[in-house]
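Undergrad: let's see this in three dimensions:
(one chain, ligands or ions: 1)
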Amino acid sequence: MSERKIPKEVIEEVERLREEIEYHNYRYYVLNDPVITDEEYDKLMRRLIELERMYPELVTPDSPTQRVGGKVLEGFKTVKHSVPMLSLDNTYNEEEILEFDRRVKKTLQEAEVEYVAELKIDGVSIALRYENGKFVLGATRGDGIEGEDVSENVKTVRSIPLRLRKLVTVEVRGEIYMPVDEFKRLNDEREEEGLPPFANPRNAAAGTLRQLNTALVAARRLDSFIYYVVHPENYGLKTQWEALQFLKELGFKVNPHSKLCKNIQEVIDYWREWKERKKELDYWVDGVVVKVNRFDFQRILGETSKAPRWAIAFKFPAEQART
Ligand SMILES: NC(=O)c1cc2c(N)ncc(C(N)=O)c2s1
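TA: Here you go, the predicted model:
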């Protein structure tokens, strides 16, 4: 078939609709602060779907219409991580976190070390790659060296941008999780269908991300928090706190409760506070991730084959089996 000429105004309208729809996705799912009604949003989306149906050659992988899924995949390709996705060592009480602080100060020969305290989200770790600001890959952690390419499913997570607010080439990492009320709704639905319930939101999120039917993934409300920039020095970032601000500027959903702590005592105060306050959250957390803030200090501390020496998980006491 000869290349059909697409009218310029159609191309311009499609591009404008994409920008506008992604902006409203950002306002609604990342900032939780929409500026148009659902009806107005649906109208924009219907118009874009109509134009892409009339001109399929205009569909691009990062079009917001790809968020509703509709593909049934054969399977997931394996993908090698650019940098291994390490796990975290654990500490369970204040004495052990003080020991972590002593080790860090000894290695650094520093009297005081700043930390960033971040809630440890009980979800599925994910690596996201963007080229010139466009989403190109979403991969699970796997064995830390290589994971599964779950890009088609990641596109259905509305809080994960398909196009960044700055057109950089970057890899970021974070957690995809299922909000508690979605977890309850899903388990009620499964019970009605005579299916076994998911034991917890993490299993529900993991099971959903492994679905080969992307429309099914889109029908479940997964969410995300992004907390890590790969090779932050490439973007002039000197600390984890700056990295979190950078992630916000790019348009990612970043947990609002992270805290820059002057010393380990502030970390302990933060841990005590959220050990009690975690029930206020609409997602499960199982502790606090404590990170040395300065990247030059992180480089001095380095990593073991399994986990960084500059970060540790400060776990909350295990509760009795949740209802
Ligand atoms: N395995 C890991 O390295 C991490 C796991 C997690 C998690 N489940 N939630 C939050 C963070 C964070 N804010 O850094 C990390 S880091």
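
Undergrad: which residues does the residue in the stretch 51-200 of the chain that the ligand sits nearest to form a beta bridge with?
TA: Closest to the ligand within the stretch 51-200 of the chain is E118: 3.4 Å, counting by C-beta to the nearest ligand atom. For every residue, glycine as well, the C-beta is placed using N, CA and C. When bridges are called by DSSP bridges, E118 pairs up with V289.

Undergrad: for it, what are its contacts?
TA: Residues counted as contacts of E118 (C-beta atoms under 8 Å, 6 or more residues apart in numbering) are Y227, N255, H257, S258, V288, V289, K291.

Undergrad: one more time with 10 Å, if that's ok
TA: Residues in contact with E118 (C-beta atoms under 10 Å, 6 or more residues apart in numbering) are 225, 227-228, 240, 244, 254-255, 257-259, 270, 285, 288-291, 311.

Undergrad: now do R158
TA: So R158 contacts 25-26, 28-30, 64, 67, 218, 221-224, 253 (C-beta under 10 Å, 6+ apart).

Undergrad: just name the lowest-scoring one in the residues you listed, pLDDT-wise.
TA: Among these, R67 carries the weakest pLDDT, at 88.

Undergrad: contact residues of the stretch 201-323 of the chain facing the ligand?
TA: Contact residues, the stretch 201-323 of the chain versus the ligand (C-beta under 6 Å from any ligand atom): Y227, V289.

Undergrad: could I get the full set of strands for the stretch 201-323 of the chain?
TA: 223-229, 259-261, 285-292, 311-315 (DSSP state E, counting those that start in this stretch).

Undergrad: in CSV, list these along with mean neighbour count.
TA: What follows is the strands of the stretch 201-323 of the chain, written out as CSV (neighbours: other C-beta atoms under 10 Å):
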stretch, mean neighbour count
strand 223-229, 23
strand 259-261, 17
strand 285-292, 24
strand 311-315, 22
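
Undergrad: for I160, which of those is the nearest?
TA: Checking the strands of the stretch 201-323 of the chain against I160 by C-beta to C-beta gives strand 223-229 as the closest, at 5.2 Å.

Undergrad: any idea of the angle that closest one forms with strand 311-315?
TA: For strand 223-229 against strand 311-315, the angle by axes from the mean of the first three to the mean of the last three C-alpha atoms, to 10 degrees is 140 degrees.

Undergrad: run the chain-centre distance for strand 223-229.
TA: 3 Å (C-alpha atoms, centre = their mean, to the nearest Å).

Undergrad: could you do stretch 125-139 as well?
TA: Worked out by C-alpha atoms, centre = their mean, stretch 125-139 lies 11 Å from the chain centre.

Undergrad: likewise for stretch 117-133?
TA: Worked out by C-alpha atoms, centre = their mean, stretch 117-133 lies 3 Å from the chain centre.
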